[in-house]
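Asks: My questions concern the predicted model and sequence given below.
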Amino acid sequence: MFTLYLIASVLTGIMLTCDIFVLAHPLLSMKKYSIFFVSFSSLFFILNYFAFFPMLFVILVVNSILLAKFTKKHYSVFYVPLGYIVDCILMNIIGLAANIIWDISVRELNSDIFLIIIYSSCTIAASCPVLYLVRRLLQRYLVSTFEKMSRKLLVLLALTLLLCAFMILTMASFFDNIEITHRQYFLMASSIILYFLFTISMIFIVLHAARKNYEAQKKVEYLENLNEYTRNLEIVYNNLRSFRHDYINIMTSLSAYIDEKKYEELRTFFYEHILPMQKNLTQKNDALNNLLHVHILEVKSILYTKLLLAVNQDIEVNIDIPDEIDSINMEPIDLTRMLGIYLDNAIEACLETEQPILNFHLGKMNQDIIIIISNTFIDKGLSVAQMHKKEVTTKGNGHGIGLYSVSEILNRYDNIYHETLMEEGLFIQQVQIS
C-alpha cells in the first residue's frame, strides 16, 4: 500500500503542477515548479496514507499562497483549488466512462497501479486544454474585476472554492472501497458536477455584483471629475472678468502717475503690483495651454485642479506636455488616484521649502506614456523604501497611507514601471505605462 500511495501522490503532484503551468501566466521558473511538485506530492502522500481529508485545506491553502507570492497577483489564489476541482470532475467523468464501457469499479481503479497511471495520464491530457480555455476566459472577462477587488472579497471567494474542493473530495471518497452500480456511479459524478456548477454560479453572482459596483463607482468618479472641471472653468472665467475690471483700474492708476510725473512711485507700483499679477496670470495661462494636449477628461480635470492649486499657493509650476495624450493604458480611477496623491504630496512637500518648485511632465516615449513629477523638499531622513510603507510619515497621525496606496495600485499592473528618486534637492516620481 505504501508504494500505491506514493505513486498516487506523485501523479497527483504532477497533475496539479501541470494545472499551475497552464493557469499561471507568465510562466514561472523551473525551480518554482519543482517546489510545487514536491509540496503537492509530499502533502498528498500524508493525506492518502493517513486518510486525513482535512489535510486538503492545508495543501490547497499553502500552495495557493505560494503561487500568489511567486506570481505577485493576488487573484492567483484561485488557481490551485480551481485546478484541483477541475481535475476531480474530469477524473470522475473518466472513471464513469471506464465503469460503463469496461465495467471497471472505483475499488479497482484505486488498487491497481497500472490503472492509476492510465487514469491520471488521461486526466492530465483532458485537464490541460480545459484549463487553458478557463485561463483565456478568466483573462478576457474576469481578471480586470479581480484586480479591482478588495482582498477580503478575494479571500471569501477563495474560501468558497476551497470548501467546494473539500466537499467534492468527501463526496467522491464515500465510494472508494465499495462496489457501486453504473447508475450509482452516474449519480455520484452528476452530484459532484452539479455542486461545482452551483458554487461557480454563486461566485459569478458575487463577481457580477462587484463589477456593477465598480462601474457605478467609476460613473460617480467621472461625474465628480466633470463637476470639478466645470467649477475650475467657472473660476477661470470669473478671474478673467476680475482681470478685465482690474485692467481698467490699473490703466487709470498708471495714467495718474504719468500725468503727475511721479515716475519713482510709478516704478514702485509697477514692480509691486503689476509684475506679480502678470507672473501669476502667465503661470495659469501656461497651465491651461499645456493641458490642451490632454484629451482624457479625468486626467485633465485632476491635473488642472492640482496644478492650479499649486499656482495659487505661489509655487513655481513648470508644466511640460509636448505630446497629444489620447489614451493611457490604466484604469481612470486608479490613474486619477495616483496623480492626485503624487501631486498633493508634491505641493505639501515643496511648500515647506524656501523656494517651492513643482515640475510636471507628461509625454510619450515610443508607445509608452511617461509621467514625471518632481518637487523641492526637505530631507527628513526617511529612505524611499520607508516612505512607501503603510503609516510611515513625517506629517503626524492620520497620514502615511498615500504612497502606500499608490504602491498597492501600481502592483496590480504588469505594464507599469515605477521609480522614486531623491536627487539634487528634488523628490522625483517616475511612472512608465506601456
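Replies: Alright, I've got the coordinates.
Asks: okay, now the domains of this structure?
Replies: 2-217, 285-433 (automatic domain parsing).
Asks: and those domains, which one's lowest on average pLDDT?
Replies: Looking at these, the lowest mean pLDDT belongs to domain 285-433 (a mean of 82).
Asks: now the helices for the stretch 1-150 of the chain?
Replies: Along the stretch 1-150 of the chain, counting by DSSP state H, counting those that start in this stretch, helices occupy 2-23, 30-50, 55-71, 79-102, 106-111, 113-137, 143-148.
Asks: What is the first one packed up against?
Replies: Here helix 2-23 is seen to pack against helix 30-50, helix 79-102, helix 113-137 when contacts are counted using 3 or more Cβ pairs under 8 Å, 6 or more residues apart in numbering; DSSP states H and E. C-beta: built from backbone N, CA, C; applies to glycine.
Asks: Also the second one?
Replies: For helix 30-50, the elements it packs on are helix 2-23, helix 55-71, judged by 3+ Cβ pairs under 8 Å, 6+ apart.
Asks: Including distance to Ser144 and mean neighbour count, could the ones you listed go into CSV?
Replies: Output for the helices and strands packed on helix 30-50, formatted as CSV (distance: least, Cβ to Cβ, whole Å; neighbours: other Cβ atoms under 10 Å):
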stretch, distance to Ser144, mean neighbour count
helix 2-23, 17, 19
helix 55-71, 16, 18
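Asks: looking at the helices of the stretch 1-150 of the chain, which is closest to Leu194?
Replies: helix 79-102 (10.6 Å; Cβ to Cβ).
Asks: what's in contact with that closest one?
Replies: 15-16, 19-20, 22-24, 60, 63-64, 67, 104-106, 109, 119, 122-123, 126-127, 130-131, 134, 158, 161-162, 164-165, 168-169, 172, 182, 185-186, 188-189, 192-193, 196 (Cβ atoms under 8 Å, 6 or more residues apart in numbering).
Asks: Just the buried ones among these, please.
Replies: Among the contacts of helix 79-102, those scoring as buried are 15-16, 19-20, 22-24, 60, 63-64, 67, 104-106, 109, 119, 122-123, 126-127, 130-131, 134, 158, 161-162, 164-165, 168-169, 172, 185, 188-189, 192, 196 (criterion: 16 or more other Cβ atoms under 10 Å).
Asks: how near is Asn375 to Leu11?
Replies: 59 Å (Cβ to Cβ, to the nearest Å).
Asks: what do you get for His418?
Replies: 43 Å.
Asks: Export the domains of the chain to a markdown table and append columns for distance to Lys262.
Replies: Shown next, in a markdown table, are those (distance: least, Cβ to Cβ, whole Å):
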| stretch | distance to Lys262 |
| --- | --- |
| domain 2-217 | 61 |
| domain 285-433 | 29 |
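Asks: quick one on the thing from earlier: and the helices and strands packed on helix 30-50 as JSON lines, adding distance to Leu343?
Replies: Shown next, in JSON lines, are those (distance: least, Cβ to Cβ, whole Å):
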{"stretch": "helix 2-23", "distance to Leu343": "39"}
{"stretch": "helix 55-71", "distance to Leu343": "32"}
